[in-house]
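# just a sequence and a predicted model for now, questions to come.
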Amino acid sequence: MKRERSDWAHLIRLGGLLVLGLVAFVFIRPLFIPEGFGVYGHYRAGAILDGRDHPLEYAGRADCEMCHSDVVDLQEERQSSHRRLSCEGCHGPLAAHAAAPDDVRPVLPDITPACVTCHEKSAGRPPLVPQVEVRDHSGGEACSSCHVAHTPGMF
Amino acid sequence: MDVPRRQFLVESGRWLMLTGVAACAYEAMLAGQPVDAEYEMSDHWWGMLIDVDKCIGCGLCVKACKEENNVPDSPYYFNTWVERYRVQLADREHPLVDSPNGGADGFPALEESDDERVFFVPKLCNHCIDSPCTQVCPVGATFRSPDGVVLVDEKYCIGCRYCIQACPYGCRYLDPRTHTAKKCTLCYHRIVKGLTTACCEVCPTGARQLFDLKNPGDPIHAYLREHPVQVLKPQLATGSKLYYANLDGTVR
Amino acid sequence: MHGVLPGVDGFMYPNEVELQWSVLIVLYPYLTGLVAGAFILASLERVFDVHVVKPTYRLALLTALAFLIVAPLPLQLHLGHPERSLQMYLTPHRESAMAMFGFVYLWYLMGVLVIEIWLDYRRDIVRWWKESRGWQRALYATLALGVDNVGPRALRIDDRVARAVTIIGIPSAFLLHGYVGFIFGSVKANPWWSTPLMPVVFLFSAMVSGIALVLLLFMATSWMRRRAIDMPCLDTIAKYLFYAFLVAFALELLDLVHRIYEADESFLALDFMVQTRLYFSQVVLQIMFGTVFPIALLALTQLWSFGERTRRWLYATAASAALIGILAMRWNVVIGGQLFSKSFLGYTTYKMEFAAAEGLLPAILVMLLPFAVLAVLLIVLPPWEDEPAAPSA
């Protein structure tokens, strides 16, 4: 049987359609690839910048020390065992305060629960922190009635 | 004949290099690439060291992380959390583990017992070098940055959650507010500014130490020379950069 | 123990408590499996010249198309950002099994299934074009791409090409569904999924479900059209169902025996899960009701000869049980793989909502949708060989 060109016409049209779709895809795709994609790897380079953009909540102890040298000096002078603790561990995140101390006045912490989470005696807690059976030790009183948070030793 | 050809090669090599450099610079400009004079990504390789023997289970790290990174305040979502292991001496295979609210409020006090060993294990993203989570992302919305931090592109994530399934350590979750995957960023916004992570900042005992393996002055080098460390689930070969010191074999 | 979360036994990493992949993701491998199975049944006729199953050839192809069109829908509904889904095509991550699936899917849809259906129907499409008028005429003319050459030479070429497409199509169907298995089987973090057997197990269970579906649809459409059911055809399909089932079951047993004998670190946790939270869906539904029971029924029909009526009942029951069993299997893979903690120390519970975005209601709708699509396809492209009249839509 002799084949003629017209016998392939429908297949050529179909193939044409598929090729057209493919070509359209190849040409349209780059228009939608976000800026900076693939500069460092298979991702948007800008995502790295976005990751850096996040606001700070914790200023870090070094920041507090710049202005509150009185607290630091006192701790150093008394060789307070809390002198290496982070200020914001007890005071909470204060980056906003550190940036604008007059606008953002920190609320002084109600600290007893915090003292307890660090000092309550419990199995598995390494002896790095002195531990007390809180109930027997404080008799239900706030820790601050006998201890000073910045210099907790009994002097 | 020989000289001009050589010259041509040298010359064209030079041109190629120049255009290559120019193209890179141009691309970087287009990409809005961090042109941060102070922070050069290729100079850093971040990770974290955790000394299990130093963790007192106070949970300040968990709280600080939630505050710093705007983690949903719910007992289901954590960038970092602390587990308490109680290993029965007679049955080491079945440790009792708890992590109430991820350990954010500390742990209920426990009586000493002669039959068990108790210890705390802080967990967070392992910032793996060959991370299974970045491998499976279908669109390239999560990746390891050139300085070794695994990040999520919130603007590009489609929320398919394959990465959450792929993480062997349970470090990822779907943020119910953005419907995108979320995880520990190693406080990327802090460490590029020279600060430490929020969790390390508040840790009272130094149980957590951020380190930069490319910084020759980092004490991690001396530490690693003298102490054995291990990673979680080493059999999965994820290239974890979360090193644990004094880790018990029962921890998984 | 303290601070235990609702639905949690033992210890889960906190981020694991909520399940990530819902009932919709259960449907996704189920639907693609039906596609692959139906297509493989159809190819029997064309590639292996099993002419007795000819009456189901077109029906199987249309079934495959209808289910394939709906298959991505549950994925789409499940995404946190459905509007970003096209990124899978724009910036596909070459290392990601899921990204590559998008291309496998598209290849199978456009490169195989549509072409094969088109080639097979072309003669009829042209005839319907010439016989009808109005918008129907326009529709069929468009479907024929405006070419009305259905001379013997052209048809011969069509037949050749279609055969080639089917031959490419079989591995493509294997790829399509094997790939779905790979999406799960390649997650090394999850011991319930991570096994190289997963793609193969998925493939054979897909064949079982696809053949069972076409068998039921064949019986149903014959009944609705008040035609006598072509029994030799039905017997042959049932035989294939039986064989496919045996292989599928053998593979699943192999996986099971392997796990039990190796008893690695995950075994106790998984074993406990199967004994408790998955007992009903795995042991009762999938293994007993969905596998052993239909295999027994089919074995009966192979060993003894029954009357036509009895055979029809046995086949229909076996096929229905198989469809339920395979659905249960997908459930056990997808949901079961998320019920245990990757610490192997605890279990969570899947709480399925009803009318939520990823609840039972959308799942039921997604499951019904392919049948609606199929109904439309059956009207536009009637597959019946014995009804040459133009469709009266």
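It's in.
# can you pull the buried residues of stretch B:60-67?
Neighbour counts over stretch B:60-67 (16 or more other C-beta atoms under 10 Å in any protein chain shown) mark B:60, B:61, B:62, B:63, B:64, B:65, B:66, B:67 as buried. Heads up, the C-betas are built off the backbone N, CA and C, glycines and all.
# SS state for residue B:97?
strand (DSSP: H, G, I helix; E, B strand; the rest coil).
# hmm, it is touching residue B:81, no?
No: contact criterion C-beta atoms under 8 Å: residue B:97 and residue B:81 do not qualify, at 11.4 Å.
# what's the burial count for residue C:351?
Other residues near residue C:351 number 10, with proximity taken as other C-beta atoms under 10 Å in any protein chain shown.
# before we move on, which element is it in?
Secondary structure from DSSP states H and E places residue C:351 outside every helix and strand.
# ok, the longest helix out of those in chain A near chain B or not?
Counting residues, the longest helix found in chain A (DSSP state H) is helix A:9-32. No: Helix A:9-32 does not reach chain B (C-beta under 8 Å from any C-beta of the partner chain); its nearest approach is 11.8 Å.
# residues in contact with that helix?
C:86, C:89-90, C:110-111, C:115, C:118, C:122, C:144-147, C:149, C:154, C:157-158, C:161 (C-beta atoms under 8 Å, 6 or more residues apart in numbering or on different chains).
# near chain A too, which of those residues?
Applying C-beta under 8 Å from any C-beta to the contacts of helix A:9-32, those adjacent to chain A are C:86, C:89-90, C:110-111, C:115, C:118, C:122, C:144-147, C:149, C:154, C:157-158, C:161.
# just the buried subset of those residues, please.
Looks like the ones next to chain A among the contacts of helix A:9-32 have C:89-90, C:115, C:118, C:122, C:144-145, C:147, C:149, C:154, C:157-158, C:161 buried, using 16+ other C-beta under 10 Å.
# intersect the residues you listed with the contacts of chain B.
By C-beta under 8 Å from any C-beta, the members of those lying near chain B are residue C:90.
# let's have the buried ones among the ones next to chain A among the contacts of helix A:9-32 in TSV, adding pLDDT and distance to residue B:136.
Formatted as TSV, those follow (pLDDT from 0 to 100; distance: C-beta to C-beta, whole Å):
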residue	pLDDT	distance to residue B:136
C:89	93	17
C:90	93	18
C:115	95	31
C:118	95	35
C:122	94	41
C:144	94	43
C:145	94	40
C:147	92	44
C:149	90	48
C:154	93	47
C:157	93	43
C:158	93	41
C:161	94	37
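# among the buried ones among the ones next to chain A among the contacts of helix A:9-32, which one lies nearest to chain B?
Lowest distance from chain B to these (C-beta to the nearest C-beta) belongs to residue C:90, with 7.8 Å.
# which residue is the nearest non-sequential neighbour of whichever residue of chain C sits closest to chain A?
Using C-beta to the nearest C-beta, the closest approach of chain C to chain A is made by residue C:147 at 3.8 Å. Once flanking residues are discounted, residue C:147 sits nearest to residue A:10: 3.8 Å by C-beta to C-beta, 6 or more residues apart in numbering or on different chains.
# state the number of residues packed around residue C:303.
Close neighbours of residue C:303, defined as other C-beta under 10 Å, add up to 7.
# pLDDT score for whichever residue of chain A sits closest to chain C?
Closest residue of chain A to chain C, C-beta to the nearest C-beta: residue A:10 (3.8 Å). pLDDT recorded at residue A:10 is 93.
# for it, the count of nearby residues, please.
23.
# how close does it get to residue C:232?
Remark: distance between residue A:10 and residue C:232 (C-beta to C-beta, to the nearest Å) = 34 Å.
# what do you get for residue C:262?
45 Å.
# give the helix, strand or coil label for the residue of chain C closest to chain A.
coil.
# since that was my last question, I'll sign off now.
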